[in-house]
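**Q** A structural model of the following input is requested.
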Amino acid sequence: MTSNGGLAKLFNALVMVFMLAPLIVVCLVAFTPENTLTIPTTEYSLRWFKAVFEHPDFVTSFWNSLWLALGAASLSTLVAVPAGLAISRYEFKGRDALNALFLSPLIVPHLVLGVAILRLFTLIGATGNFYWLMLAHVVVITPYALRLVLAAAVGMDKHCEHAALSLGASRMTVFRRVTLPMILPGVTGGWLLAFINSFDEVTMSIFVTSPATVTLPVRMYMYATESVDPLMAAVSALMVALTAGVMVILDRLYGLDKILLGGK
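**A** Below you'll find the model as predicted:
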């Protein structure tokens, strides 16, 4: 292994600055005492963070997004695990078509999906229901969970399963004690990716949310179309802080390498 040269390190540093600069600017704007989107230079204030918690619509939308993302990510993972194992291990008629069907939401614009799902929900009378909204999110985020489960299933050593079966273990025991632990990094990573995409989903959600089920990204979009002030920056800074806090806690408790990559 050779170390990166000076040019490679400079390029990596520029890429990191390019990616982090918008987050830093947004977080700085959140501390402005002014009523406009300005970066504070002499005085910092928490007035906009206080305004977020005093805005009941944002608090309600946050909880809607949280429960929606938790439920949708869990359901999508329950679908992705058996589907991934079946597609990666068995040869059957229509396997490629099934794989393409599961992954098709990745190539279909969410605007088109939103209109189609809205039409479907209108026909069956399912508009305004939180659980139907969760089902719509499952359709959109399942491909993200499935891709990581597929990668984990393809890369696992099947001899361990054969050894367990030869020793008298049942299929369910083999799955619970051998298969699932071996693909757990892919399952966990898929769940996290599905959760993030569900929580951040806005394009499709605009069409299928009701006043009682408005998610945080949709609420932010609605607010931004009516007003331009640092409140949006404060909400974004809180989301950045929450995400960073969760990642730090997971890293301290389990280790991100172990969760996402299967490291020891």
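**Q** May I see the buried residues of stretch 109-126?
**A** Buried residues in stretch 109-126, counting neighbours by 16 or more other C-beta atoms under 10 Å, are found at 110, 113, 114, 117, 118, 121, 126. Every residue, glycine included, has its C-beta placed from N, CA and C.
**Q** Please apply the same query to stretch 131-146.
**A** 132-146.
**Q** element containing the spatially most central residue of the chain?
**A** The structure's the chain has its C-alpha centroid closest to residue 196; by C-alpha atoms, centre = their mean the separation is 1.7 Å. Using DSSP states H and E, residue 196 sits in helix 180-200.
**Q** chain center to that helix, what's the gap?
**A** 8 Å (C-alpha atoms, centre = their mean, to the nearest Å).
**Q** So which other helices or strands are in contact with it?
**A** When contacts are defined as 3 or more C-beta pairs under 8 Å, 6 or more residues apart in numbering; DSSP states H and E, helix 180-200 packs onto helix 56-89, helix 130-155, helix 216-226.
**Q** Quick check: mean pLDDT of the shortest one?
**A** pLDDT averaged over helix 216-226 equals 88, rounded to a whole number.
**Q** do the first one as well
**A** Regarding helix 56-89, the rounded mean pLDDT is 92.
**Q** Okay, buried residues for it please.
**A** By neighbour count on 16+ other C-beta under 10 Å, the buried set for helix 56-89 is 58, 61-62, 64-66, 68-69, 71-73, 75-77, 79-81, 83-85, 87-88.
**Q** Which helix or strand lies directly C-terminal to the helix holding residue 196?
**A** Beyond helix 180-200 toward the C-terminal end (DSSP H and E), the next one is helix 205-208.
**Q** Can you tell me which helices and strands that following helix packs against?
**A** helix 110-124, helix 130-155, helix 216-226.
**Q** Out of these, flag the one nearest residue 252.
**A** When these are compared by C-beta to C-beta, helix 130-155 sits nearest residue 252, at 23.0 Å.
**Q** How far off centre is that closest one?
**A** Distance of helix 130-155 from the chain centroid (C-alpha atoms, centre = their mean) equals 10 Å.
**Q** now that helix against helix 180-200, angle please.
**A** 140 degrees (axes from the mean of the first three to the mean of the last three C-alpha atoms, to 10 degrees).
**Q** what's the angle from helix 130-155 to helix 110-124?
**A** Using the same axes, to 10 degrees: helix 130-155 against helix 110-124 is 130 degrees.
**Q** Number the chain from 672, please
**A** Got it, the first residue is 672 from now on, which makes the last one we talked about helix 801-826.
**Q** Mind checking the pLDDT average for the following helix or strand past helix 801-826?
**A** Once helix 801-826 ends, the next helix or strand along the chain (criterion: DSSP H and E) is helix 830-837. In this model, helix 830-837 has a mean pLDDT of 82.
**Q** Could I have the CA atoms of helix 830-837 written out in PDB?
**A** Extracted C-alpha coordinates of helix 830-837, given in PDB (Å, rounded to 0.1, in the frame of the first residue of the first chain):
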ATOM      1  CA  HIS A 830     -20.800 -23.500   3.400                       C
ATOM      2  CA  CYS A 831     -21.700 -22.400   6.900                       C
ATOM      3  CA  GLU A 832     -25.400 -23.000   6.200                       C
ATOM      4  CA  HIS A 833     -24.700 -26.400   4.700                       C
ATOM      5  CA  ALA A 834     -22.700 -27.300   7.700                       C
ATOM      6  CA  ALA A 835     -25.500 -26.300  10.000                       C
ATOM      7  CA  LEU A 836     -28.100 -28.300   8.000                       C
ATOM      8  CA  SER A 837     -25.800 -31.300   8.000                       C
END
